[in-house]
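below is the sequence, then the predicted model.
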Amino acid sequence: MGKNLGEADLVEAKKRTEKLILQILKELNTEVFSFTLTKSKIKQLNNLNKNILVQHLDAKEWEKFTQDFIYNTNAIEGSTVKRDEVPEILEKSKAENDEEIETKGVAKAVEYIKSSKEELSIGFIKKLHKLCFEGSKVFAGELRNVEVVIRDFKGEIIHQGFQSSQVKPALEDMAKWYEKNKSKFKPIVLAAIIHNQFEHIHPFQDGNGRIGRLLLNYILLSNNYPPINVLLEDRKEYYLALRKYSKEEEIKPMVEFLIKQYKKTLKNVATKSIK
């Protein structure tokens, strides 16, 4: 402080500064939509993925998972269909009301993501929505042109979706980000990020929660991971994790939540012993 530096000192100071800048660049941030993650933060998140044992589902387990998923994902959004009614509805040749249409629709969407090789895109997202809601919602498969707010199970507003004029470009950005950055993240972390951002955008007039939960499973399955069922009984923690992302740009709560749901999913559908 207050010292005049000679030419040699200035050169040395410049070298130190350049070294410091290079060190900072080494910790180059990865942009995640409106915020950034450092390499060390990504490593911490990816390390959470080590806490799970990947175990794939056989045909019988897939059948039970699908029925459990249909019940929970619809019930979270207010469906009155009971768990033991799901198999009977799926066996029907024709649905009798909107709730039955959506029960059968989610089943079609689950079957689609199981084998789909389609890339993440607006077209893919709209197709999932149409599979789920064609026949029950007049806007099935169409991005919204109205403004929406998101409420929790108590009816409290927890988030306002993107302006309708920004929905399409926001989804395009999300798809581009996924393609560019997917190799940097472990599957559950990647699924959490995309799920959170999709819900943050809220691109449809209704049905966003169900499509978001299908999307997170599409990402897991695309990365050779088994699917996750978000349970109705855990929806409070689920909403809190979504709020952490929307309000504080925190991803960790959702990653931790999904890992817990993954373990519960395996226990619920396993036909063999789980260690």
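Everything's here; your move. Computed from a predicted structure; not experimentally measured. Numbers count the residues shown, from 1 in each chain.

which residues in the stretch 151-275 of the chain form strands?
Assigned by DSSP state E, counting those that start in this stretch, the stretch 151-275 of the chain shows strands spanning 157-160.

for it, which segments are assigned as helices?
Using DSSP state H, counting those that start in this stretch, the helices of the stretch 151-275 of the chain run over residues 164-181, 187-201, 208-222, 235-248, 252-269.

which strands and helices sit next to the first one?
This points to helix 164-181. strand 30-32, helix 122-133, helix 187-201 (3 or more Cβ pairs under 8 Å, 6 or more residues apart in numbering; DSSP states H and E). The C-beta positions use only the backbone N, C-alpha and C, and glycine is treated the same way.

what about Lys176, neighbour count?
The number of residues packed around Lys176, counting by other Cβ atoms under 10 Å, is 12.

per-residue confidence at it?
As summarised for this prediction, Lys176 has a pLDDT of 97.

now do Asp234
We have a pLDDT of 97 for Asp234.

report the separation between it and Thr265.
Distance, Asp234 to Thr265, by Cβ to Cβ, to the nearest Å: 11 Å.

neighbour count winner among the two?
Thr265 (24 against 17).

give me every residue that touches the closest residue in space to the more buried one that isn't next to it in sequence.
The shortest distance from Thr265 to any non-neighbouring residue, by Cβ to Cβ, 6 or more residues apart in numbering, is to Asn229 (4.6 Å). Applying Cβ atoms under 8 Å, 6 or more residues apart in numbering, we find Asn229 in contact with 65, 68-69, 72-73, 261, 264-265, 268.

now do Val32
Val32 neighbours (Cβ under 8 Å, 6+ apart): 177, 181, 193, 249, 251.

repeat for Ile193
So Ile193 contacts 32, 185, 251 (Cβ under 8 Å, 6+ apart).

hmm, try it at 6 Å
Neighbouring residues of Ile193 by Cβ atoms under 6 Å, 6 or more residues apart in numbering: Ile251.

that one and Lys127, how far apart?
With distances taken as Cβ to Cβ, Ile193 is found 21 Å from Lys127.

and the contacts of Val32, which two are furthest apart?
Put simply, by Cβ to Cβ the two of the contacts of Val32 set farthest apart are Asn181 and Glu249, 15.7 Å from each other.

just the CA trace of the host helix or strand of Asn47, in PDB.
In this structure, Asn47 sits in helix 39-48 according to DSSP states H and E. Taking C-alpha atoms only, helix 39-48 is exported to PDB below (Å, rounded to 0.1, in the frame of the first residue of the first chain):
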ATOM      1  CA  LYS A  39     -16.600 -27.300 -11.000                       C
ATOM      2  CA  SER A  40     -16.400 -28.000  -7.300                       C
ATOM      3  CA  LYS A  41     -20.100 -27.500  -6.800                       C
ATOM      4  CA  ILE A  42     -20.800 -29.800  -9.700                       C
ATOM      5  CA  LYS A  43     -18.500 -32.400  -8.100                       C
ATOM      6  CA  GLN A  44     -20.300 -32.100  -4.800                       C
ATOM      7  CA  LEU A  45     -23.700 -32.600  -6.400                       C
ATOM      8  CA  ASN A  46     -22.400 -35.500  -8.500                       C
ATOM      9  CA  ASN A  47     -21.000 -37.100  -5.400                       C
ATOM     10  CA  LEU A  48     -24.500 -37.400  -4.000                       C
END
